[in-house]
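1. Got a predicted model here, sequence first, then my questions.
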Amino acid sequence: MSSTTNKQQSVNQLLNLLKKHFDSPDPEKRPVLEELLYGVLREGTTRLLADKAYRNLQECFFDWNEVRVSSPQEVAEAISDLPDASAKSERVVGILQEVFETTYSFKLDDIDKKGIKNAAKQLGRMEDVNDYAVAWVLQQALNGHALPLDAPSLRTLRRLAIIEEETEDLEVLRGSLEHQIPKAKGTLFLEGISEVAKEYCWEENPHCSACPLKGECPTGQTRPQNESRSTRMKPR
């Protein structure tokens, strides 16, 4: 059996386990710019925390222009529950400023008129937009087949041996996964892996013994079963 076939079987089994153990909620529909901002918040965390941070932004500021003219510190206070809140606040303000200077508005709804690839290129040229945010907008707002990959997801997928340890090129990694994971299951994959990363697959002392993916995870099968009490404490 070829390694490609083995990898596809592993991916299919992973998707089945994610469907069994985790919810895959229908994503809220947002305009492109708002989805881009949400994508910045969503990186490195879960939908629940990103939703809360996004609501806080909308409640703490009158509109996106007020966010744009506010200090990054003020924005960071509204999203303080997120990892890297200070860096994300600077990116949110930077994106709003760049869009305003370019369009004199807070809209990007026409960005895909020349196709998904051109939309990805245009988004990728923005100073405060990274690969994750581009893929997020393509998947969530533009109906494209893209899989946003952040650090927790990459860590989890490497431990599952779904992606190779030595591969660092995000574009290559995403391209490979997008061939193996059907577009219709992209949200299930994204949400499930994020939850596994948050609840079990911590960077230090992962809680492998309780992870629902343990049976398919080479890392989980090789870790000691008698994890100490301190190991089981979930990091903040």
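-> Yes, it's here. Numbers count the residues shown, from 1 in each chain.
2. can you pull the contacts of Gln58?
-> By Cβ atoms under 8 Å, 6 or more residues apart in numbering, Gln58 lies in contact with nothing. Every residue, glycine included, has its C-beta placed from N, CA and C.
3. That one: helix or strand, and which one exactly?
-> Per DSSP states H and E, Gln58 falls inside helix 47-60.
4. Would you mind identifying the next helix or strand past that helix?
-> Helices and strands here follow DSSP H and E; after helix 47-60, the next one along the chain is helix 64-69.
5. buried residues in that next one?
-> Neighbour-count burial for helix 64-69 flags Trp64, Val67, Arg68 (criterion: 16 or more other Cβ atoms under 10 Å).
6. CA-only coordinates of that helix, as PDB, when you get a sec.
-> Provided in PDB are the C-alpha atoms of helix 64-69 (Å, rounded to 0.1, in the frame of the first residue of the first chain):
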ATOM      1  CA  TRP A  64     -14.800  50.200  12.800                       C
ATOM      2  CA  ASN A  65     -13.600  53.800  12.400                       C
ATOM      3  CA  GLU A  66     -13.400  54.200  16.100                       C
ATOM      4  CA  VAL A  67     -11.400  51.000  16.300                       C
ATOM      5  CA  ARG A  68      -9.100  52.400  13.600                       C
ATOM      6  CA  VAL A  69      -8.400  55.600  15.400                       C
END
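7. chain center to it, what's the gap?
-> Taking Cα atoms, centre = their mean, to the nearest Å, one finds helix 64-69 lying 24 Å from the centre of the chain it belongs to.
8. and it, what other elements does it pack with?
-> On a contact count with 3 or more Cβ pairs under 8 Å, 6 or more residues apart in numbering; DSSP states H and E, helix 64-69 meets helix 85-103.
9. tell me the mean pLDDT for the helix it packs on?
-> Averaging pLDDT along helix 85-103 yields 98.
10. Right, I'll leave it there.
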